[in-house]
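Colleague: Give me coordinates for this.
(chains A and B)
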Amino acid sequence: MTMTTEAPLREPEVVTAEWRPRIVAFLCNWCSYTGADLAGISRIQWDPSVSIVRVMCSGRMDPTFVAKAFSMGADGVIISGCHPGDCHYQEGNYKTLRRVHLLKRLVAGFGIDPDRLELVWVSASEGDQWAETANEMAARIRILGPLEVGS
Amino acid sequence: MSAKPKLALYWAASCGGCEIAVLDIKEKILDVDAFFDIVFWPVAVDFKVKDVEAMDDDQIDLCLFNGAVRTSDNEYMANLLRQKSKILVAFGSCACEGCIPALSNTTTKAATLDWAFADSPSTVNPDRVMPQTRTETPVGVLELPEFYETVHSLDQVTDVDYFVPGCPPQAHQIWAVLETVIDIMENNKPLPPKGTVLGAGDKTCCDECPRERQEKKIKGFKRIHEVIPDPDQCLLDQGIVCMGPATRSGCGGMCVAVGVPCRGCYGPAPNSKDQGTKMISALASVIDSDDPEEIDRILDGIIDPVGTFYRFSMAHATLGPVRAGNGSRSEVAS
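Modeller: Just a heads-up that it's a prediction; the model follows:
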């Protein structure tokens, strides 16, 4: 006699009509990630469509990461670092500033609305600022709609 | 007489420069002919596609395939030569990364055809006659290959063994590759690992550049026709967009040596997949400003970032699959 284990049929997940965007956020370890952490500790709700990737410095954020995020299905990308002058590594965020300005021009050349890429400064004490940024970006991407990626 | 190894050369969507580059090895082409039996080379010898079709699988020992894949015919030939060849080499920038033909990936097939066959100033075509894959004529049916929406590199349509970058690959590098192949075949030596980039360096173009880099910061970009560059200083230090930092070495730095900025024809540097995003990092490091408005003013000096940074590697651009007209704000509003 063979033993079989039958899992009960699962209820199918409820698919809501509303499309949920996918937003990738690269946050620096010292300011913005801690800021997002503070938002969590303070129990501030922010849009769940924003997924955080922690990097040591916003300057570590290679433009290739953003290109890869878009090509793998992200509808929007947020990059957040320390306020100008506050970088833990002195000038990483200034590098990011210049990169993002050029990167916006590049993504526009590929037909991606540059508004899908956002650079913000969030300090470790600005949990509410982070939540606001995430919510604003999610609202903006909902208006822009999904980014279609072909083959 | 024992049979010589068989060599095939083919051009797909290319300009023909790679074919000329092969002849740039000068009298050494006689050594190539002495060692190999050339079985297919449309530009130089009179064998037809049907001769290749009649061959057994793997009958060709070495095939150097240049040109990108733009039409159904290019794709057919890529697959045919793959099937008939033991070693298939993507030869030159078009086959490796798409090169100039792949720049049309930033637009659509329709726009490309409109411009080429109707709208360009040198074209007279009032009836807007466009090429058709099938045309009935009184003398029979004429067929043309299908023109694809996207230009692909060779490795995107078939399995490629080795890559020889460059637009075109430099003659000394071509000879070095052929010499190595001849040595391997004559002495039964092991082949390099599959996927190896042959005939190029493992550093960046800057490594071969004779100019002096002082890592200056710049307040503005200049185009090459606007200045006479200092002969000894780094071009990027002088505000000229030079792709050197994001480009593989191997050419010998011949453009930069004569005051022309590197355009990036040897493809992305080793260990990087995307030439354009790497170039952004390099440029962001030389701009001398922390002020968003000033940065934008400086960046206005870079005309056509996409075409400049991906001039040779568009087929492999990470953002390539994201195509024009993607839910931009203006479309949402309309």
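Colleague: now the helices for the chain?
Modeller: No chain in the question, so chain A it is. Here chain A has its helices, by DSSP state H, at A:32-41, A:63-71, A:92-109, A:127-144.
Colleague: wrong chain, I was asking about chain B
Modeller: Going by DSSP H, chain B shows helices at B:17-23, B:28-35, B:49-53, B:72-84, B:93-97, B:109-114, B:171-187, B:205-208, B:254-257, B:275-286, B:292-299, B:305-309, B:329-333.
Colleague: from these, which stretch is densest packed?
Modeller: A comparison of the helices of chain B by mean neighbour count, using mean count of other C-beta atoms under 10 Å in any protein chain shown, puts helix B:93-97 on top with a mean of 32. Heads up, the C-betas are built off the backbone N, CA and C, glycines and all.
Colleague: That one - contacts with which helices or strands?
Modeller: strand B:60-66, strand B:162-164 (3 or more C-beta pairs under 8 Å, 6 or more residues apart in numbering or on different chains; DSSP states H and E).
Colleague: Leaving out the residues flanking it, which one is nearest to the closest residue to chain A within the stretch 1-150 of chain B?
Modeller: At 6.7 Å from chain A, residue B:106 is the closest residue in the stretch 1-150 of chain B, using C-beta to the nearest C-beta. Closest residue in space to residue B:106, ignoring its immediate chain neighbours: residue B:306 at 6.0 Å, by C-beta to C-beta, 6 or more residues apart in numbering or on different chains.
Colleague: For residue B:16, find the nearest of the helices and strands packed on helix B:93-97.
Modeller: Comparison of these against residue B:16 by C-beta to C-beta identifies strand B:60-66 as nearest, at 8.8 Å.
Colleague: OK, contacts around residue 60?
Modeller: No chain was given, so I picked chain A. Applying C-beta atoms under 8 Å, 6 or more residues apart in numbering or on different chains, we find residue A:60 in contact with A:28, A:92.
Colleague: My question was about chain B, not that one.
Modeller: Counting by C-beta under 8 Å, 6+ apart, residue B:60 has contacts B:6-8, B:39-40, B:52, B:81, B:84-86.
Colleague: rerun that using 7 Å as the cut-off
Modeller: The contact partners of residue B:60, by C-beta atoms under 7 Å, 6 or more residues apart in numbering or on different chains, come to B:6, B:8, B:39, B:84-86.
Colleague: JSON lines for those residues, including distance to chain A and pLDDT?
Modeller: Shown next, in JSON lines, are the contacts of residue B:60 (distance: C-beta to the nearest C-beta, whole Å; pLDDT from 0 to 100):
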{"residue": "B:6", "distance to chain A": "35", "pLDDT": "95"}
{"residue": "B:8", "distance to chain A": "29", "pLDDT": "96"}
{"residue": "B:39", "distance to chain A": "34", "pLDDT": "95"}
{"residue": "B:84", "distance to chain A": "27", "pLDDT": "97"}
{"residue": "B:85", "distance to chain A": "26", "pLDDT": "97"}
{"residue": "B:86", "distance to chain A": "30", "pLDDT": "95"}
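Colleague: Of these, which is the nearest to residue B:245?
Modeller: Among those, residue B:85 lies closest to residue B:245 (C-beta to C-beta), at 35.5 Å.
Colleague: Could you list the low-pLDDT ranges of the stretch 101-250 of chain B?
Modeller: Within the stretch 101-250 of chain B, no stretch has pLDDT under 70.
Colleague: Pick the most buried one from the helices of chain A.
Modeller: Ranked by mean neighbour count, these are led by helix A:92-109 with a mean of 23 (mean count of other C-beta under 10 Å).
Colleague: Kindly report the residues of chain A close to chain B.
Modeller: Residues of chain A lying close to chain B by C-beta under 7 Å from any C-beta of the partner chain are A:62-64, A:67-68, A:70-71, A:84, A:94-95, A:97-99, A:101-103, A:105-107, A:109-113, A:115, A:143-151.
Colleague: Taking the centroid of chain A, which residue is nearest it?
Modeller: residue A:25 (2.1 Å; C-alpha atoms, centre = their mean).
Colleague: Might you report the residue contacts of the one residue sitting closest to the centre of chain B?
Modeller: Nearest residue to the geometric centre of chain B (C-alpha atoms, centre = their mean): residue B:93, 2.1 Å. Residues in contact with residue B:93 (C-beta under 7 Å, 6+ apart) are B:99, B:165-167, B:265, B:267, B:312.
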